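Chemist: Give the three-dimensional model of this entry:
(3 chains)
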Amino acid sequence: MITLTTDFGNADWFVGTMKGVILSINPRVQIVDITHNIAPGAIRAGAFALAAACRYFPAQTIHLAIVDPGVGSQRQILVVRTAKHLFVGPDNGVLSFAIATERVKAIHHVTNQRLFLRPISQTFHGRDIFAPVAARLSKGFPSRKVGPEAGEIVRLDWPKPKIRGTTSAGEIIHIDRFGNAITNIDDSVWSRFEAARCEVSVKSRLHCRVCANYQAVPVGKPVAVPGSSGLLEIAVNCGSAAETYRLRPGDPVVLREKGSQSSPSSL
Amino acid sequence: MITLTTDFGNADWFVGTMKGVILSINPRVQIVDITHNIAPGAIRAGAFALAAACRYFPAQTIHLAIVDPGVGSQRQILVVRTAKHLFVGPDNGVLSFAIATERVKAIHHVTNQRLFLRPISQTFHGRDIFAPVAARLSKGFPSRKVGPEAGEIVRLDWPKPKIRGTTSAGEIIHIDRFGNAITNIDDSVWSRFEAARCEVSVKSRLHCRVCANYQAVPVGKPVAVPGSSGLLEIAVNCGSAAETYRLRPGDPVVLREKGSQSSPSSL
Amino acid sequence: MITLTTDFGNADWFVGTMKGVILSINPRVQIVDITHNIAPGAIRAGAFALAAACRYFPAQTIHLAIVDPGVGSQRQILVVRTAKHLFVGPDNGVLSFAIATERVKAIHHVTNQRLFLRPISQTFHGRDIFAPVAARLSKGFPSRKVGPEAGEIVRLDWPKPKIRGTTSAGEIIHIDRFGNAITNIDDSVWSRFEAARCEVSVKSRLHCRVCANYQAVPVGKPVAVPGSSGLLEIAVNCGSAAETYRLRPGDPVVLREKGSQSSPSSL
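Modeler: Residues are numbered from 1 along each chain as shown, chains lettered A, B, ... in the order given. Below you'll find the predicted structure:
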């Protein structure tokens, strides 16, 4: 099985062409789209989508991620073998978050030109390099033979929330289709606080409680809930938090535990 | 075979993740997207899309429909077995129109937690409940074992057009990609009228004839045609009726048979 | 294998329904989307997408292309057998560019009504005619039996760039997701010029050099590069040329070889 995570969009013929190349080499492989709507060149967003989805696929899945503003330049292409999966993508950090949570066994640069389509364009390595390499890996071609072992690779930093006393300062990292704002405040952070006494704020624009689900507040009201990737997300019940409160990736988010109920005056 | 009809969109990793879960459980199942672009929370629109598409799939297809603004709340999840298909979705009416035209054999609440992924998030039951339940049904798990039989379930009313004499009053229920406005005036209604003498109006903005196809009128002109789901639709030949005449779901539509040709003065 | 290239979009149930019809007839066929986001009725854009993608699919692939503003009229439907593939589409030119580069063996009109779904709507031949015909072809139904051989068919003209001395005048034919402007100036044209001395202009708005890849210019600067379909394209490194310079399909593009370096005064 091969998954695809790209910024190619669904309007052009790019994704279909890659599938044609893959299926020409391995007609039996199953291809699953994770998404092709990563914003053009948004490496970090692609890294996040891949990391959120990849672990729900069967062992030995080949995850191909192409957000590659450096296509045609000297940037390297990587094949990363982990205990569970294979990852293929440009060496620009797009694989970072996915492989950070897996046990990495080997990382190779892709240099074996016998695996590529000819001629190689300078603008569409998805078709000419990534697709045929992934297809051949899916047929059992050993990852160690795609090229030499890689030394240093590009790794993106995950923005870690800061904790000071009863406050954690994080940020919005993704707005999803429903207008929910996914933050970088994960369960290792918010599990230290007493949820029932917590308030979440975005600038001075939005203040809400932390609850178990969207319906804990009336329709149209904001709420913070533990999301499906273990990250705190800000939502509006039956509405769009991003639209209502003009939220954007990068906006600062503060989680604050209010004073204990025995000393309300400290609030 | 499993079909998917959701409001998850194509930009996030939600649909891809669900497919990963399904294929981890049943690697051989074929997954077909009906659409993922139902407007967020638009249960009625999801119900309509599912009903329009479902009967064109092979017998024993499992149709999974997720438009679920109540995710994480106490709303029930249903498996509906009909003579031809299985349907899985939240008990909020999203299955209504599809099962209204099929012979229902049994309806069960999904409560068997052994079928679910662990841990269960409160925001993404598509991944944690719906996908694994559908996958297990596709492997032959009997629908009667997902949980107890359901009593009353939520059913949406289909908006029926009203008929008075030579007039039928309906409404627009969907605007499609081409800007065609699909109405709730079905063939059982318009077959009572003599098409050649009918006029269709939307408020005072649009007046057009009923014809067999789009090309019966000049390019750029409006026309009402019997559509592919048995519903009268309003189109502009080689144009967008919705854009030209600012049509929206819910707009009132009147079908009127004009006086017989022998008495034109009655018009 | 069947590929789909349509203007049906991803928001309605149209594509899913066609897949249901195809898989009801041939459950084993693999269906690959090239794109469904051709602008409504944009025959030329559909023809271009199909031509760019089709040759990357395995031999014997059935390419179904539906951009069909004449649906329900008397326009013909074609099955084109080439040395490598089968093509199915309306006789309005949408197959033109794809079959122009293949060896055509036979062209038939589709008239054999036993292949169609019943009843046939006047608005959705994708479901009622194209899908079942493609599905039956994928099961080995001989293309010569779909109907009589076709005589003249509709062919679109490919806009050829003009060459006068050291200048070639072409146009923009497609804007892709990245805002790159693909021109009709192909390698047979620009290979006559000395790339290092060439300048590309769009009206008086944009002037740039021809380079091997996007990164040959600083981030944010424009550049013309030989694209993946053999056509010169205008890009902005890590940006959108179309947005930055308000480029549109049809805009005139001039490729000009500047005077030799020994006579700079001739510029």
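
Chemist: OK, contacts around the closest residue to A:Pro249 other than its chain neighbours?
Modeler: Nearest non-adjacent residue to A:Pro249, counting by C-beta to C-beta, 6 or more residues apart in numbering or on different chains: A:Ile172, 5.3 Å away. Any C-beta I mention is one placed from the backbone N, CA and C, and that applies to glycine too. Shown in contact with A:Ile172 (C-beta atoms under 8 Å, 6 or more residues apart in numbering or on different chains): A:Ala181, A:Ile182, A:Thr183, A:Val202, A:Ile234, A:Leu247, A:Arg248, A:Pro249, A:Gly250, A:Asp251, A:Val253.

Chemist: What's opposite A:Ile172 in the beta bridge?
Modeler: A:Thr183 (DSSP bridges).

Chemist: What sits closest to A:Ser96 if chain neighbours are left out?
Modeler: Closest residue in space to A:Ser96, ignoring its immediate chain neighbours: A:Leu156 at 4.2 Å, by C-beta to C-beta, 6+ apart.

Chemist: Which of the contacts of A:Ile172 fall within helices?
Modeler: Among the contacts of A:Ile172, no residue falls in helices (DSSP state H).

Chemist: Need the buried ones from those selected in ChimeraX.
Modeler: Selection of buried members from those for ChimeraX, criterion 16 or more other C-beta atoms under 10 Å in any protein chain shown:
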select /A:181,182,183,202,234,247,249,251,253
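
Chemist: what sits against the residue nearest to A:Ser96?
Modeler: A:Ile43, A:Arg44, A:Ala47, A:Gly93, A:Ser96, A:Phe97 are the contacts of A:Leu156 under C-beta under 8 Å, 6+ apart.

Chemist: Is it part of a helix or strand, or is it coil?
Modeler: coil (DSSP: H, G, I helix; E, B strand; the rest coil).

Chemist: Summarise which helices and strands the lowest-mean-pLDDT helix or strand in chain A is packed against.
Modeler: The weakest-scoring helix or strand in chain A, judged by mean pLDDT, DSSP states H and E, is helix A:187-190 (a mean of 89). Helices and strands touching helix A:187-190, by 3 or more C-beta pairs under 8 Å, 6 or more residues apart in numbering or on different chains; DSSP states H and E, are strand A:167-175, strand A:231-236.

Chemist: Pull the residues that contact that helix.
Modeler: Contacts of helix A:187-190 (C-beta under 8 Å, 6+ apart): A:Pro161, A:Ile163, A:Ser168, A:Gly170, A:Cys198, A:Val210, A:Pro226, A:Gly230, A:Leu231, A:Leu232, A:Leu255.

Chemist: Tell me the one among these nearest to A:Thr82.
Modeler: A:Gly230 (19.3 Å; C-beta to C-beta).

Chemist: Tell me, how many residues neighbour the closest one?
Modeler: Neighbours of A:Gly230 under the rule other C-beta atoms under 10 Å in any protein chain shown: 14.

Chemist: Who are the contact partners of it?
Modeler: A:Asp186, A:Asp187.

Chemist: Would you quantify the distance from it to B:Gly227?
Modeler: 46 Å (C-beta to C-beta, to the nearest Å).

Chemist: Kindly report the same for A:Ser143.
Modeler: In terms of C-beta to C-beta, A:Ser143 sits 52 Å off from B:Gly227.

Chemist: same check, this time on A:Lys139
Modeler: For A:Lys139, the distance to B:Gly227 - C-beta to C-beta - is 46 Å.

Chemist: again with A:Pro40
Modeler: Distance from A:Pro40 to B:Gly227, by C-beta to C-beta: 37 Å.

Chemist: The two - which one has more neighbours?
Modeler: When A:Pro40 and B:Gly227 are compared for neighbours, B:Gly227 comes out ahead with 25 against 18, by other C-beta under 10 Å.

Chemist: Grab the nearest non-local neighbour of that one.
Modeler: B:Glu233 is the one closest to B:Gly227 (C-beta to C-beta, 6+ apart), at 3.9 Å.

Chemist: can you check A:Gly16 too?
Modeler: Leaving out its chain neighbours, the residue that sits closest to A:Gly16 by C-beta to C-beta, 6+ apart is C:Ile34, at 3.5 Å.

Chemist: Averaged pLDDT, the helix or strand harbouring that neighbour. What do you get?
Modeler: Here C:Ile34 sits within strand C:31-35, counting by DSSP states H and E. Mean pLDDT, strand C:31-35: 98.

Chemist: Give me the contact list for it.
Modeler: Applying C-beta under 8 Å, 6+ apart, the set of residues contacting strand C:31-35 is A:10-13, A:15-17, A:19-20, A:23, C:1-6, C:15, C:19, C:22-23, C:49-50, C:53-54, C:57, C:63.

Chemist: got it, and stretch A:197-209?
Modeler: Contact partners of stretch A:197-209, identified using C-beta under 8 Å, 6+ apart, comprise A:172, A:181, A:190, A:210, A:216-217, A:221-224, A:232, A:234, A:241, A:245-247, A:251-261.

Chemist: Please repeat the previous calculation with a cut-off of 7 Å.
Modeler: By C-beta atoms under 7 Å, 6 or more residues apart in numbering or on different chains, the residues outside stretch A:197-209 that reach it are A:210, A:222-224, A:234, A:245, A:247, A:251-258.

Chemist: A:Arg118: how many residues sit nearby?
Modeler: Neighbours of A:Arg118 using other C-beta under 10 Å come to 7.

Chemist: quick one: secondary structure of it?
Modeler: Criterion first, three-state DSSP; result for A:Arg118: coil.

Chemist: Angles on the backbone of it, please.
Modeler: When read as degrees, to the nearest 10, the backbone of A:Arg118 gives phi -120, psi 140.

Chemist: Would you agree A:Ala196 falls within a strand?
Modeler: No - A:Ala196: not assigned to a strand; according to three-state DSSP it is helix.

Chemist: was I right about A:Arg155 contacting A:Asn92?
Modeler: No - with contact defined as C-beta atoms under 7 Å, A:Arg155 does not reach A:Asn92; the gap is 10.2 Å.

Chemist: Pick out whichever of those two has more residues nearby.
Modeler: A:Asn92 (22 against 14).

Chemist: Am I right that the more buried one falls within a helix?
Modeler: No - in this structure, A:Asn92 is coil, not part of a helix, as judged by three-state DSSP.

Chemist: Give the full set of residues in contact with it.
Modeler: Going by C-beta under 7 Å, 6+ apart, the list of residues near A:Asn92 reads A:Ile43, A:Asp68, A:Gly70, A:Arg75, A:Val154.

Chemist: ok, now A:Glu194?
Modeler: So A:Glu194 contacts A:Glu257 (C-beta under 7 Å, 6+ apart).

Chemist: per-residue pLDDT, it?
Modeler: A:Glu194 is given a pLDDT of 89.

Chemist: all helices for the stretch 1-150 of chain A, in order.
Modeler: Secondary structure of the stretch 1-150 of chain A (DSSP state H, counting those that start in this stretch): helices at A:14-25, A:43-54, A:96-100, A:125, A:131-138.

Chemist: got JSON lines for those helices, with mean neighbour count and mean pLDDT too?
Modeler: What follows is the helices of the stretch 1-150 of chain A, written out as JSON lines (neighbours: other C-beta atoms under 10 Å in any protein chain shown; pLDDT from 0 to 100):
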{"stretch": "helix A:14-25", "mean neighbour count": "25", "mean pLDDT": "98"}
{"stretch": "helix A:43-54", "mean neighbour count": "26", "mean pLDDT": "98"}
{"stretch": "helix A:96-100", "mean neighbour count": "21", "mean pLDDT": "97"}
{"stretch": "helix A:125", "mean neighbour count": "24", "mean pLDDT": "97"}
{"stretch": "helix A:131-138", "mean neighbour count": "25", "mean pLDDT": "98"}
